[in-house]
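no FASTA, just this:
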C-alpha cells in the first residue's frame, strides 16, 4: 500500500480535495494536482496511462483545462481519484509525485478579467459607517444587486509573493491639500476568489441556473488595500490605486466538486431580488476562514455569512451581455460576519485604527507594518466527512 | 512610379501615418500596416527583404511588436517608410499590398488591462452637474489626480462590431424599486485610447519622463454607456455593468511617432499637481474628432482641451507600483470642449435628454435608438503638413 492510500483522516489535501496548481517541474512549468504534501505531474501520468495529454496538462496555466468545461472537469477528477485509489498503478503514480518542498508554485491561472464584489452585508455596513458616517451605511442599491467593480488582472500574484508597500496621494479631511508618500493605512481583505471556466458569447448572459457550470473552483484571495489612498480617490469612479498594486491568491484552485458538501442556504435576502437573481443555484458555502497576522489568528470569518451567492454574482456580471472567458476571476469581497472576531479586514477589525488588536507577542496593531506577514487559511467539510482545505494565501509586506 | 509614391497631398493614411492593424490574410491573421486603402503584409515583405520576421509580424496581434519597445518601434517605422519610398523594391512591395475592401480586420491588440480615465474638465463638470446637481460638480480630488477605474478587457471589440443593447437594473429616484429591462438611455463616449507597450516590474512605477516610452500608439475609442444602469449601480464602487457590455476601438493603431507635430501644451493645471505628475512629458495633443450619428456630425471635440496628459495618466496608473504589460489600453475619458458643439457624449450634448439634437433627416435624438450607427473620426497634422487620420471607430446598435 502506498502512502497516499493511507492518509490520516484529517488530511485536508486528501483524495476528496485534489486542488489544481502549476509548478515548475523538470521540462518546464505545468499543471499539477496536490495530494497531501506532494504534487502529481498530471501530464506525465496521463502520458503513461496512454491518455491524450497535449496542451491541457503540459501547460503553464490551468486555462486550457478551464476551457474544456464541466464535463471534462468531472472526468478528469474521476480519473485522478480512480487512479490514486487504485493499486495496480502505484509505480506509475509514484514516479510522478514530487514533494512540494522541492517545487516552486506559480500563479495557477492566466487571469483574464478580474472583478471584485462587495457581497458581505456586515462588511458593507461597517465600511459605510466608517467611510460615510453621515449617511445610511448601505447605499440604496446594495440589497438589489451584488455591487462589484473591475480590478487589475496584471497585478494578481501567487501566495508567497512579497507585497511592496504602495505610495500614492492621500488627504485626510482636515488636510489643506493632498500629500504623496507610502500608504500609512495598509490593510487586507480576506476573500474567496472564484475561477471561471468556459467562454460565453458577447450579448448572451449566463443565466443563474447555468452559473455553476462556469465556476470551476475557488481560491483564497487577499485584496490588499491602501485605505488612505482609496479614501481620497474613490469618489466618484470607485477604487483604483488603493487596490491595484497587488492582489494575492492561493497557489491551489480547489474544484467546486470538492465542496459539494459545503453548500448552505444564504442567510436570507430581503427584499427578494429581481427574477434574474433568483433560483436554486443561489446558495452559499460553509467555509471557515482565518486571518493570521504574524502568527496570531486575529479573525475567523465564515463564508456562510455572505449575503450574495457566487452564482448570483456571475449571473449579475453577465446580465448586460458582457462575455466571460476562461481565466476570469471574481472575488467575493471581504468576508465579515456579525461578530467583531469575524471581521475580515483591519479597517473593520480595528474600527479605522481606533481599536488596536494585540498580537501574541504583545505588540499592538492597527494597520500593516513593514515586515508583517499575513496568512489566510480556510477549510470546509467534504465528502464522507473529509476535511477540505483551500490553499493558503500568504504575503509579507516589504517597504 | 507606383501608386503609393504619388498619393494625394490630403491622403490621411499616407506614408507619414502608417498605422498598424491585424487582418485575416491567406495563411491566417497577421500584422499589417495601412497605406491609403491598402494593407501591407509586413511578414511577407520582411521575409522577402531577408529580415528576421518570426513571431513579431506573423502574429494575430500587435502584442509581440509592442513588447519590443521604442527602439524597435522606431526601427520598424523607418524601415517601412524607406521601403515604401524606395523605387528598387516596388515589385516586392506590390505583391504584399492587399486592398482593404477584400480584408477583414481584427482587434489589433490582445488587451491586457483596460483602464478608463476621466480627464476632461468640461466633461467631468457637465456630468457632475447632471448626476449630482446638489454638489460641487467636480469632486475635491479631480484637479489633484487623473481619476480612473478599471474596465472590462474581454468586451473590447473592433470597429464595425454591432453593439447589443444591454439590459440591466435601473431605478429613477422617484421609482419605488428597481426594474429590469433594456437600457433606455444608451449613450456613447468619444475618447482616445492609448496602447501600452513594454512591461514594467511590479513595485516599480513608470516615471512621467519615461511614460511615452511605453505609449506605442493611439486608437479612437467608444465607451458605450448605459446611463440608467450606471446611475443606479455606480455608488459606491464606480461604473460596472453600465459600461462593461462593450467598448469599441479602431482597427488601426496610429503610432505616437506619427503625431509628433500634434503636440501642444495642456490648457493649464491649477493647482500645480504633485511632483510625480509634473514634467516636460505632460503635454497634450491637437487632434480634431467628430461624432457622426446616422450620417450627421453632431459634435466636434478636440483632444487639445483635455486637462490631464496621457503621460500623467500612465505615471499615475503605475505610481503605486502597479505593473504594466504590453497590450494594456487606457482611455482618456470623454473628450469634451467648452462649447455645446464639442461635447463628446449625448448625456452632455442633450443635457440628460432635455435638449434633443436633430439629425439631417429631421429626426430628433436624445439617446441611441435601435439601428442607430455611430462613427467616430479624428485627424491631426503630421510631419511636413501631412494629414494623419486615426482609424474610424464605428458601431451599430442592435436590439
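Received, thanks. Please read these numbers as outputs of a predicted model, since none were measured by experiment.

Go ahead and confirm residue A:323 touches residue B:157.
No: contact criterion CB atoms under 8 Å: residue A:323 and residue B:157 do not qualify, at 9.9 Å. Every C-beta, even on glycine, is put in place using the N, C-alpha and C of the backbone.

list residues touching both of those two?
Common contact partners of residue A:323 and residue B:157 (CB atoms under 8 Å, 6 or more residues apart in numbering or on different chains): residue A:202.

Compare these two (neighbour count), which wins?
Comparing residue A:323 with residue B:157 by other CB atoms under 10 Å in any protein chain shown, the one with more neighbours is residue A:323, at 22 against 19.

Distance check, that one against chain B.
Separation of residue A:323 from chain B (CB to the nearest CB, to the nearest Å) stands at 6 Å.

does that residue count as helix, strand or coil?
In three-state terms, and counting by DSSP: H, G, I helix; E, B strand; the rest coil, residue A:323 is coil.

Please name the residues that touch it.
Counted by CB under 8 Å, 6+ apart, residue A:323 has contacts A:199, A:200, A:201, A:202, A:203, A:204, B:154, B:155.

switch to 10 Å and redo it
Counting by CB atoms under 10 Å, 6 or more residues apart in numbering or on different chains, residue A:323 touches A:113, A:199-206, B:152, B:154-155, B:157, B:244-246.

and after the lengthiest helix in chain A, which helix or strand comes next?
In chain A, with assignment by DSSP state H, the single longest helix is helix A:70-85. Downstream of helix A:70-85, the next assigned helix or strand under DSSP states H and E is helix A:90-95.

okay, now the domains of chain A?
Domain segmentation of chain A under automatic domain parsing yields A:3-106, A:114-398.

Can you say which of those is packed in most?
Among the domains of chain A, ranked by average contacts under mean count of other CB atoms under 10 Å in any protein chain shown, first place goes to domain A:114-398 (a mean of 21).

Quick check: end-to-end length of that domain?
Start to finish, the residues bounding domain A:114-398 are 25 Å apart (CA to CA, to the nearest Å).

Point out where chain A drops to low pLDDT.
Along chain A, segments meeting pLDDT under 70 span A:52-53, A:87-90.

Now do the phi/psi pair for residue A:212.
Dihedral pair for residue A:212: phi -70, psi -20, per degrees, to the nearest 10.

so how far is chain B from it?
20 Å.

Distance-wise, check the closest residue to residue A:340 other than its chain neighbours relative to residue A:343.
Nearest residue to residue A:340 in three dimensions, chain neighbours excluded: residue A:349, at 7.1 Å (CB to CB, 6 or more residues apart in numbering or on different chains). Residue A:349 sits at a distance of 4 Å from residue A:343 (criterion: CB to CB, to the nearest Å).

Kindly report the same for residue A:383.
To residue A:343, residue A:383 is 31 Å away according to CB to CB.

try residue A:26
45 Å.

rewinding a little: what do residue A:349 and residue A:343 both touch?
Both residue A:349 and residue A:343 are contacted by A:126, A:291, A:298, A:299, A:336, under the criterion CB under 10 Å, 6+ apart.

Look up the residues forming beta bridges with the second one.
Spelled out, it's residue A:291. Assessed by DSSP bridges, residue A:291 has beta-bridge partners residue A:299, residue A:376.

if I read this right, it contacts residue A:359, doesn't it?
No: in this structure, residue A:291 is not within contact of residue A:359 by CB atoms under 10 Å, at 11.8 Å.

Need the overlap of contacts for those two.
By CB under 10 Å, 6+ apart, the residues touching both residue A:291 and residue A:359 are residue A:298.

Quick check: residue A:380 touching residue A:258?
Yes: Residue A:380 lies in contact with residue A:258 (CB under 10 Å); the separation is 8.4 Å.

Give me the nearest residue to residue A:326, chain neighbours excluded.
Spatial nearest neighbour of residue A:326, excluding adjacent residues (CB to CB, 6+ apart): residue A:66 at 3.8 Å.

Please name the residues that touch that neighbour.
Neighbour list for residue A:66: A:20, A:56, A:72-73, A:108-110, A:112, A:195-199, A:214, A:216-217, A:253, A:325-328 [criterion: CB under 10 Å, 6+ apart].

Pull up the gap between it and chain B, please.
When residue A:66 is compared with chain B (using CB to the nearest CB), they lie 14 Å apart.

Pretty sure that residue sits in a helix.
Yes: under three-state DSSP, residue A:66 sits within a helix.

For the stretch 101-250 of chain A, give the residue positioned nearest to chain B.
The nearest approach of the stretch 101-250 of chain A to chain B comes at residue A:238, 2.3 Å away (CB to the nearest CB).

so that residue, which of the three states?
coil.

Excluding covalently adjacent residues, which one is nearest to it?
Nearest residue to residue A:238 in three dimensions, chain neighbours excluded: residue B:238, at 2.3 Å (CB to CB, 6+ apart).

Quick check: the one you found touching residue A:240?
Yes: between residue B:238 and residue A:240 there is a contact at 8.3 Å, judged by CB under 10 Å.
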